[in-house]
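Enquirer: could you look at this predicted model? Sequence included:
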Amino acid sequence: MAHEISARSRLRLSLLALAVLLACVILASFLIGRYPVPPHVALAVMASKLVHIDPFWRPELEAVILKIRLPRIVAAAGIGAALSVSGAAYQGMFRNPLVSPDILGVSAGAGFGAALGILLGWPAASIQTAAFGFGLLAVAAAYLIASWGGEGEDSTLAIVLAGVVTGSVFTSLISLLKFAADPTNVLPAITFWLMGSLASVSARDLYFAAWPICVGMATLFLFRWKLNVLSFGGEEARALGVNVQQTRLTIIASATLITAAGVAIAGIIGLIGLVVPYLARLLVGPNHAFVLPASMLLGAAYLLAADDLARSLLAAEIPLGILTSLTGAPFFLYLLLNTRKAWR
């Protein structure tokens with residue numbers, strides 16, 4: 001009993017350490033950029049919105065902190081947390097550390113929706129709505145295809161294969177739209193969106209993505225114990241009284257909701273939903289009561305740090321998806337070589 005209490009205490013300390021790490025990265029994100037902001041000024045400006053503080057800073061500093069960096073920091077932290085929690089849920093449900101949130105085609109579907117909107121000259125809000133809608137549509141199509149072709153334990157494999165097929169179809173459609181796009185203006189816009197970026201994120205984008213991300217993440221946290229049961233396999237889950245099909249559908253719907261919302265406002269950001277949940281599992285073990293919050297905190301800190309590098313490493317901003325893929329690729333190779341040893 002004492003050993004169990006001690007183990008839980010260590011897990012809680014790990015989560016606390018990740019929370020402190022995230023807080024430090026958030027503070028650093030306010031300071032980093034081409035327009036330097038002293039730490040005490042950043043803290044004072046933020047505190048002035050809660051308590052009265054006589055301004056001792058220049059107005060342009062407050063504008064940089066509240067109107068430019070704050071929405072971007074909130075977006076990076078929220079999307080990083082969302083993609084990581086989604087990846088953790090998928091990895092637990094499919095019992096495979098090489099599963100990522102886009103395995104069922106949500107990123108390809110969202111990319112097609114955005115590319116279509118850009119090609120047709122739609123406004124930014126309509127492009128985001130199209131990306132969100134086609135992301136949901138892609139996963140719905142994959143699930144329907146799998147429901148016709150998979151029964152029992154084979155249904156998991158059927159879902160994955162249907163997702164691969166659906167993703168391939170939407171990827172081909174994206175290529176078709178790029179082929180038809182004007183190479184002077186439209187094609188570069190489509191290409192830049194697909195590479196992922198938070199350069200133009202605004203408060204309106206945050207309102208657009210907040211409700212699906214919050215609803216989806218809350219649902220996954222409520223289903224954390226069912227994820228633990230599903231990780232033992234479908235037959236064991238049924239023996240313990242879990243409705244496997246209904247639970248899988250709920251988890252897929254929730255993970256798709258938050259992934260589609262994140263991709264809709266930030267573009268395609270690769271590998272974060274694969275690498276971060278695996279790291280979280282190494283830190284806190286297989287219990288999803290700890291894996292999900294650890295993934296949330298670690299994913300938020302990771303994407304924030306990547307975004308800080310993206311906007312400060314070179315004179316021109318680096319697309320965020322490029323950085324996350326470059327940093328995640330070596331770890332992905334490690335996963336391929338050590339999956340049997342590392343997965344528990």
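Expert: Now that the structure is in, tell me what you want to look at.
Enquirer: tell me how many other residues crowd Ile272.
Expert: Using other C-beta atoms under 10 Å, Ile272 is surrounded by 30 other residues. (Glycine included, C-beta is placed from N, CA and C.)
Enquirer: and the pLDDT for it?
Expert: For Ile272, the pLDDT comes out at 91.
Enquirer: any chance you could map the helices in the stretch 51-200 of the chain?
Expert: Along the stretch 51-200 of the chain, counting by DSSP state H, counting those that start in this stretch, helices occupy 59-63, 70-94, 106-119, 124-149, 154-180, 186-195.
Enquirer: apart from its neighbours in sequence, what residue is nearest Leu201?
Expert: Leu isn't right for residue 201; it's Val. Ala75 (4.5 Å; C-beta to C-beta, 6 or more residues apart in numbering).
Enquirer: oh, that last question was meant for Val64, not what I typed.
Expert: Using C-beta to C-beta, 6+ apart, the closest residue to Val64 is Tyr35 (5.2 Å).
Enquirer: what sits against that neighbour?
Expert: By C-beta atoms under 8 Å, 6 or more residues apart in numbering, Tyr35 lies in contact with Glu60, Leu61, Val64.
Enquirer: okay, it and Met217: tell me how far apart.
Expert: 32 Å (C-beta to C-beta, to the nearest Å).
Enquirer: need the pLDDT of Leu336.
Expert: The predicted local confidence for Leu336 is 66.
Enquirer: of the contacts of Tyr35, which is the most crowded?
Expert: Val64 (20 neighbours).
Enquirer: and that residue, what does it touch?
Expert: Per C-beta under 8 Å, 6+ apart, neighbours of Val64: Gly33, Tyr35, Val37.
Enquirer: just these now: which is nearest Leu119?
Expert: Comparing those against Leu119 with C-beta to C-beta picks out Gly33 as the nearest, at 32.7 Å.
Enquirer: ramachandran angles for the closest one?
Expert: When read as degrees, to the nearest 10, the backbone of Gly33 gives phi 150, psi 180.
Enquirer: surely it meets Arg311?
Expert: Yes - with contact defined as C-beta atoms under 8 Å, Gly33 counts as touching Arg311 (6.4 Å).
Enquirer: higher neighbour count, these two?
Expert: Comparing Gly33 with Arg311 by neighbour count (other C-beta under 10 Å), the higher total belongs to Arg311, at 20 against 15.
Enquirer: re earlier: which of the contacts of Tyr35 sits closest to Gly111?
Expert: Val64 (31.3 Å).
Enquirer: would you mind measuring from the closest one to Val25?
Expert: 18 Å.
Enquirer: and if you look at Ala75?
Expert: From Ala75 to Val25 the distance is 14 Å (C-beta to C-beta).
Enquirer: so which of these two has more stuff around it?
Expert: Ala75 (24 against 21).
Enquirer: quick one, what contacts that one?
Expert: Per C-beta under 8 Å, 6+ apart, neighbours of Ala75: Leu198, Val201, Asp205, Leu206, Ala209, Ile265, Ala266.
Enquirer: distance to Val169, neighbour count and secondary structure for these - can I get that in JSON lines?
Expert: Shown next, in JSON lines, are these (distance: C-beta to C-beta, whole Å; neighbours: other C-beta atoms under 10 Å; DSSP: H, G, I helix; E, B strand; the rest coil):
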{"residue": "Leu198", "distance to Val169": "28", "neighbour count": "24", "secondary structure": "coil"}
{"residue": "Val201", "distance to Val169": "29", "neighbour count": "21", "secondary structure": "coil"}
{"residue": "Asp205", "distance to Val169": "28", "neighbour count": "21", "secondary structure": "helix"}
{"residue": "Leu206", "distance to Val169": "31", "neighbour count": "17", "secondary structure": "helix"}
{"residue": "Ala209", "distance to Val169": "25", "neighbour count": "26", "secondary structure": "helix"}
{"residue": "Ile265", "distance to Val169": "24", "neighbour count": "24", "secondary structure": "helix"}
{"residue": "Ala266", "distance to Val169": "23", "neighbour count": "30", "secondary structure": "helix"}
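Enquirer: the residues you listed into JSON lines, with extra columns for pLDDT and distance to Ala306?
Expert: As requested, those are exported to JSON lines (pLDDT from 0 to 100; distance: C-beta to C-beta, whole Å):
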{"residue": "Leu198", "pLDDT": "91", "distance to Ala306": "10"}
{"residue": "Val201", "pLDDT": "88", "distance to Ala306": "14"}
{"residue": "Asp205", "pLDDT": "90", "distance to Ala306": "18"}
{"residue": "Leu206", "pLDDT": "91", "distance to Ala306": "19"}
{"residue": "Ala209", "pLDDT": "91", "distance to Ala306": "18"}
{"residue": "Ile265", "pLDDT": "92", "distance to Ala306": "16"}
{"residue": "Ala266", "pLDDT": "92", "distance to Ala306": "11"}
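Enquirer: can I get the residues you listed in JSON lines including distance to Ala180?
Expert: Formatted as JSON lines, the contacts of Ala75 follow (distance: C-beta to C-beta, whole Å):
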{"residue": "Leu198", "distance to Ala180": "28"}
{"residue": "Val201", "distance to Ala180": "28"}
{"residue": "Asp205", "distance to Ala180": "27"}
{"residue": "Leu206", "distance to Ala180": "32"}
{"residue": "Ala209", "distance to Ala180": "29"}
{"residue": "Ile265", "distance to Ala180": "25"}
{"residue": "Ala266", "distance to Ala180": "25"}
